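[1] here is a sequence together with a model predicted from it:
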Amino acid sequence: MDTVVIIGGGWAGCAASISARKAGAKVVLIERTDMLLGLGNVGGIMRNNGRFTATEENIYLGANELFEITDKLSRHKNIEFPGHKHGSLYDVTKVEPEVKKLLDSLDIEVITRKRVVDVIMDKNTIKSIVLDDESIIDGDAFIDTTGSTGPMGNCLKYGNGCSMCILRCPTFGPRISISQKAGVKDLIGKKSDGSYGAFSGSCKLNKDSLSENIRKELNEKGVVIVPVPIEKIDMSKLSKKVCQQYALKEYAENLILLDTGHAKLMTSFYPLEDLRKIKGFENARYEDPYSGGVGNSVRYLSMAPRDNTMKVIGVDNLFCGGEKSGLFVGHTEAISTGSLAGHNSVRFIKENKLLEIPRNIAIGDIIAYANEMIKDKKGLMKRYTFAGDNYFERMKRLSLYTTDKEIIRKRIEDSGLLNIYDRSFI
C-alpha cells in the first residue's frame, strides 16, 4: 500500500497524518517523545485575530478535525487581551489524549518514543528512514515536521541553556533534521540583533501557586493583567521572543496571564525572585519550562527550503510543515502547513499535480509570502503568523481578514477547493 511516513508528532505532524490518511495513504507517524502535539501541550491560543479567518478556511478546505477538538476543549471563547480579539483558549491538560484518539480512529499508525536518526537515499529520493534502535521503515513519501527547537546544545549556545521544557530533550534525545540528513542545507532564523534563534514566547505557571483572587479571575474571565513595578519593566526582552504578535509594550509593562488549564504567562521568562515580589505571585511556581525564571526554549534553528506546495527543494519525495517549513508561529499555522503537506504527499505518490493554495486565501498567501521573505536577510529576522505583527497587518491590507464565515466559504468555493482535503486519490 502507498505509504506516507511523517517524522514529528506536533500539530503539523498530526495534521499531515490526517490529510494524508484521508487522501488514501497508509500513514506512519513517528514521535520521539511519549506524547503527541509537542508545544501544543503548553500553547492553547486559537482563533485570535487572523487565526479566526485561517481556522475557517481550513474547515472549509476539509481540515476540520483538529479545530473541532480545540473548539470543544476551549475553556474560554471570544475573549480579548492586549492586541488580540475573539480568541479561544483550549485546555492544554486535555487536548493530547483527544488528538491521539482521533488518529487511532483513522487507523494512523503512531509510533512514540522512537527517534529517526538517518535516511536511506537513492539519488534524490528517500527510500527509508532509520530509527535509533536501527530498525528501518520504508515509505513512498516522507514529511519532516520535526520543528526547529533544540537540541540542548542549541538552547545553551543561542539561549540561556536547557530550560527543561515540554520537549524534554534530555530524556528523549535531540531533534534531528530529516531534510539535512537528506542532504539539504537548512535555514536558520535570526533575532533583530542578528543572533540566531528566538525564545519561546510564554511560560506556564501552576495555577494553584497563585493567589485565590488571581485564580478566581483567571477561571472566570480567562485573562488577568497585573502591572509590573516600573523599575522592573524591560522592553529589550520583547525583541528576543518568537511571538512578535505579543511583543507589544503592554507585555513588558504588565504580567498578562491566560487560562489554558495552566496559567499561561505571556513572557519568555521572568526571574522567580522578582515574580514572587508581586502581589498574588508570592508562591508562584513554573510548570513549563521548569526553568522559566531563567530562560526558555530556543526556536527557528532548522528550517527546510521548500516550495509553496510544501515540497522540500532538493529531495523528490520529502515534504515539510510547521516550523520546519518556515518562520511560522502558532498552532493554526502548523495545522495549515501540515495539512497541505499531507495532502500533497499523496498527490505526489499518485503522480497528480501538487496543490498550491491560491493567494486570495489567507493560508495560501502566508505560505507564499513567508517563502518570499525568508530569502532575504531581513526576512529571516521576522516571524509570520495570522495573529499579529507584520503578517496580520498584511491580511488586513489585502482584505483577507474577516470573521464572516460566509465570505470565507465563498472564497474557498470560488477557488474550487471546498472540502478538497476530503478527496481520496487511492
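    Arrived safely.
[2] okay, now Pro358: neighbour count?
    17 (other Cβ atoms under 10 Å). C-beta coordinates here come from the backbone N, C-alpha and C atoms, glycine included.
[3] same deal with Asp307?
    15.
[4] surely it meets Ile313?
    Yes: between Asp307 and Ile313 there is a contact under Cβ atoms under 8 Å: 6.2 Å.
[5] how close does the residue lying farthest from the centre of the chain get to Glu80?
    Distance from the centre of the chain peaks at Glu231, with 34.0 Å (Cα atoms, centre = their mean). Distance of Glu231 to Glu80, computed by Cβ to Cβ, to the nearest Å: 29 Å.
[6] got it, and His86?
    7 Å.
[7] just Gly379 next, same as before
    Taken as Cβ to Cβ, the span from Gly379 to Glu80 is 30 Å.
[8] who's more crowded, the two?
    A direct count of neighbours by other Cβ under 10 Å for Gly379 and Glu80 places Gly379 higher, at 19 against 12.
[9] hmm, the more buried one is touching Asn371, no?
    No: using Cβ under 8 Å as the test, Gly379 is too far from Asn371 to be in contact (9.6 Å).
[10] low-scoring stretches of this structure, by residue?
    232-248 (pLDDT under 70).
[11] outline the domain layout of it.
    3-194+299-422, 198-288 (automatic domain parsing).
[12] check the offset of the last one from the chain's centre.
    Between the mean C-alpha point of domain 198-288 and the mean C-alpha point of its chain there is a distance of 21 Å (Cα atoms, centre = their mean, to the nearest Å).
[13] go on, the first one?
    Domain 3-194+299-422 sits 6 Å away from the centroid of its parent chain (Cα atoms, centre = their mean).
[14] quick one, helices of the stretch 101-250 of the chain?
    With helices called from DSSP state H, counting those that start in this stretch, the stretch 101-250 of the chain shows them at 152-158, 169-172, 178-181, 212-221, 250-253.
[15] got those as TSV, with mean neighbour count and distance to Ile188 columns?
    Below are these laid out as TSV (neighbours: other Cβ atoms under 10 Å; distance: least, Cβ to Cβ, whole Å):
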stretch	mean neighbour count	distance to Ile188
helix 152-158	17	9
helix 169-172	16	18
helix 178-181	23	11
helix 212-221	15	37
helix 250-253	18	25
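[16] among the ones you listed, which comes closest to Val116?
    helix 178-181 (6.4 Å; Cβ to Cβ).
[17] and Ile18, how many neighbours?
    28.
[18] ok, now how distant is it from Lys207?
    31 Å.
[19] now stretch 372-379: buried residues?
    Within stretch 372-379, the residues scored as buried using 16 or more other Cβ atoms under 10 Å are Met373, Ile374, Gly379.
[20] narrow the residues you listed to those in helices?
    Residues of these located in helices (DSSP state H): Met373.
[21] with distance to Tyr90 added, can I get the buried residues of stretch 372-379 in a markdown table?
    Below are the buried residues of stretch 372-379 laid out as a markdown table (distance: Cβ to Cβ, whole Å):
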| residue | distance to Tyr90 |
| --- | --- |
| Met373 | 29 |
| Ile374 | 29 |
| Gly379 | 31 |
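[22] that concludes my questions; thank you for your assistance.
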